[in-house]
Structure formats: C-alpha cells, structure tokens
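# need coordinates for the following:
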Amino acid sequence: MKYRVTIEGREREVDVTLAPSGAVTVTLDGAPIEADVERVPGGVSLRLGARVYDIAVGGKPESAQIAAGSARAIVEVVSERARARAKKGGATGSGANELRAPMPGRIVKVLRKAGDAVKVGEPCVVIEAMKMENELRAPKDGSVKAVHVGEGVSVESQTLLVTFE
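Numbering: from 1, shown residues only. Have a look, this model is predicted:
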C-alpha cells in the first residue's frame, strides 16, 4: 500500500508491501529499503539496513507522535485510499485535536494551560518513560482547549493528555 508520510513538514512517498511469508518490502521515494518491522509493546522495532530503531508510537495513525531514542517527531500518514476518498469529498483525518501518551510513564512537566496559543511542534508536556524525558509536542497550530493531566501523574499508553481547538 502507498502512503504519503509528512514528518515535521517534509512529505515523503512510502510504499509498503507485505509478502505471504511476513517479510516487508519498503520503498521510500522510489528507492528500495531493506527493512524488518516487528510489533512490540508500545510501538515497533524497525530495522533499516544494519540499524535498529525502537519506536514508540502514540496518537491517531493519521497524526501520530513518534519517538525513536532521543528523536521526536509529529508524523502525518495518509494512505492512497484516504487521499482518493478526500478527492471525492471525504476527510483524510489530518490535524489531530489531541495529544496522547505514546507510552506508559510519569508526567514530569505540563508546559501549557487551557487557552494558550501553540504552534505545531511546540512542547506541551514532558513525560518520563524508560528513564528518559520525552517532550510531547503540539500536532498543529491552534490553542489548548484542556489539559487532562498534572505533574507527577502516572499514565498508561494512549492516555489523553491535552486537547486542542
């Protein structure tokens, strides 16, 4: 299946093919990539060539928060089917109105409050997970509608943290 993936404003074309054996073939912007993907609790383990990445994924698939080690990104994924549906008047689901915990952890800092204006990518909440602090960022420009957690609170994966207008 073909996807348009936008990572921090940069759009890429990704074609993913699953073989009956379970093998995954990935093409990025027309160039083949040797890849293995395995689901693990809270995300996936991804091997690209000789490098392995443990990736935590949170939020809705069409506007996910991705964490790989110390790198963080807001990623929008739109399938070719969704793009075709959008051309016919359906929605693609872009522009998430919420921020969810990508993994279980403890809220260390809440950086925004209801009514605050935010730009895409600005930090809103800091969560500590697996002995690392992770900044969770606004998925779009707008304002904070509500903050649903406080500092020191333990959360599970996919817990609603912030909603946006």
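
# any regions of the chain where pLDDT drops low?
Applying pLDDT under 70 to the chain flags residues 22, 59-65, 69-70, 74, 82-95.

# please redo it, this time with the cut-off set to 50
For the chain, the stretches with pLDDT under 50 are 89-95.

# quick one: the helices in it, in order.
With DSSP state H, the ranges of helices along the chain come out as 80-87.

# quick check: beta-bridge partners of Gly58?
Gln65 (DSSP bridges).

# quick one: Arg112 and Val126 touch, right?
No: Arg112 lies out of contact with Val126 (C-beta atoms under 8 Å); the separation is 11.1 Å. C-beta: built from backbone N, CA, C; applies to glycine.

# so what's Ala114 up against?
144-147 (C-beta atoms under 8 Å, 6 or more residues apart in numbering).

# now render the residues you listed as JSON lines, adding distance to Ile33.
Output for the contacts of Ala114, formatted as JSON lines (distance: C-beta to C-beta, whole Å):
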{"residue": "Val144", "distance to Ile33": "38"}
{"residue": "Lys145", "distance to Ile33": "39"}
{"residue": "Ala146", "distance to Ile33": "40"}
{"residue": "Val147", "distance to Ile33": "39"}
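
# any of those residues buried? List them.
Among these, those classed as buried by 16 or more other C-beta atoms under 10 Å are 144, 147.
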